[in-house]
Structures are given as C-alpha cells and as structure tokens.
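Student: With the input below, show me the fold.
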Amino acid sequence: MKWKAVLCLIIGVSSFAYCQQGKEEAAIIKVLEKESATWRAKDVEGHKDCWYVQPYSRILVSLPDGKTIDVPPASKQIMKPENMGNGGFAVNSNYKMSISNSSAWVSHDELSTDAEGKRTWSYEIRLLEKIKGDWKLVGQSLHIYKREN
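Tutor: Below is the predicted model:
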C-alpha cells in the first residue's frame, strides 16, 4: 500500500512539473513572437516591453557575407521607429529550450518576409530572464544565412 502512495506522489509531482514546463515554454514563445511582430510593426513601446537590458546583455548579428554587428543593448531602450523593421512578418520554428528557474535560452529558426516579399532566413539564440514574473529578453545572437534552392 505504501508503494502505491509513493507512486501516486511521483506521478503527481511529475505531472505538475511537466505542466509548469509547458506553461513556461508557451510564455517564452509568446514573448519571442511579440518581439518579432513589434519590430516589423515599428511598435517601439511593444518592442521595448520584450526586453530587459542587463549589464551583461549582448546582441550579436552575423551576416551572410561574414560580417558581424555588435548591436549596443542600450539601443533597445532608445529605439526610433525609423530604425526598426520594414513591415512584413516572421515565422519562427524548431524551438529548442533550456529553462532553469528564472533564466532560459532558446534556439529557433526564423523566416522573415518583408513588405515587398523579400525573404530572410536566420538561426537565432535568445537569452531570457524572468523579471517580476514575466519573461524578458536579455540577449540574442542572430545568424542570417543565404538559403540554397
């Protein structure tokens, strides 16, 4: 009888942990989708809301020609619409996450399509922290590549 109680406890705790993990993953994906959409819509306040710049924040962009751009993280706090995306939309896929308490790293693929229909592919690594109960981006590494078709 004792082993049944222990088994039920283990199943209950495992189910709770799995549900919590799923909720955290959904909340993180929501932030990433919002960040992509607000950038393209030139929604300064919405985009700023996705970020929480820390002293150790870093934003690196590598371009298909091999150049790298080290974007100042402070730029996320003083953005101007004219320096943001140019309409269109993005589709993120292939999410892979590691969530540990109040921090997470996520990798995903992104296909961006601008307002004129030009498509850009990238691999992205996003670093997030839970700040006052909400997931916020604190860093990212974006690798744009040319797709061979």
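
Student: which element is the residue nearest the centre of the chain on?
Tutor: Nearest to the mean C-alpha position of the chain, by C-alpha atoms, centre = their mean, lies residue 32 at 3.8 Å. Residue 32 belongs to helix 2-40 when elements are defined using DSSP states H and E.

Student: next structured bit after that helix?
Tutor: The C-terminal neighbour of helix 2-40 among helices and strands, as given by DSSP H and E, is helix 44-48.

Student: Would you mind writing the CA trace of that next one as PDB?
Tutor: C-alpha atoms of helix 44-48 as PDB (Å, rounded to 0.1, in the frame of the first residue of the first chain):
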ATOM      1  CA  VAL A  44       8.600  51.000 -30.100                       C
ATOM      2  CA  GLU A  45       6.800  50.500 -26.800                       C
ATOM      3  CA  GLY A  46       5.700  47.000 -27.500                       C
ATOM      4  CA  HIS A  47       9.200  46.000 -28.600                       C
ATOM      5  CA  LYS A  48      10.800  47.700 -25.600                       C
END
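
Student: The helix or strand just after that helix packs against which elements?
Tutor: Going down the chain from helix 44-48, the next helix or strand is strand 58-62, by DSSP H and E. Counting contacts by 3 or more C-beta pairs under 8 Å, 6 or more residues apart in numbering; DSSP states H and E, strand 58-62 is packed against strand 68-71, strand 134-145. From N, CA and C alone the C-beta is placed, and that goes for glycine too.
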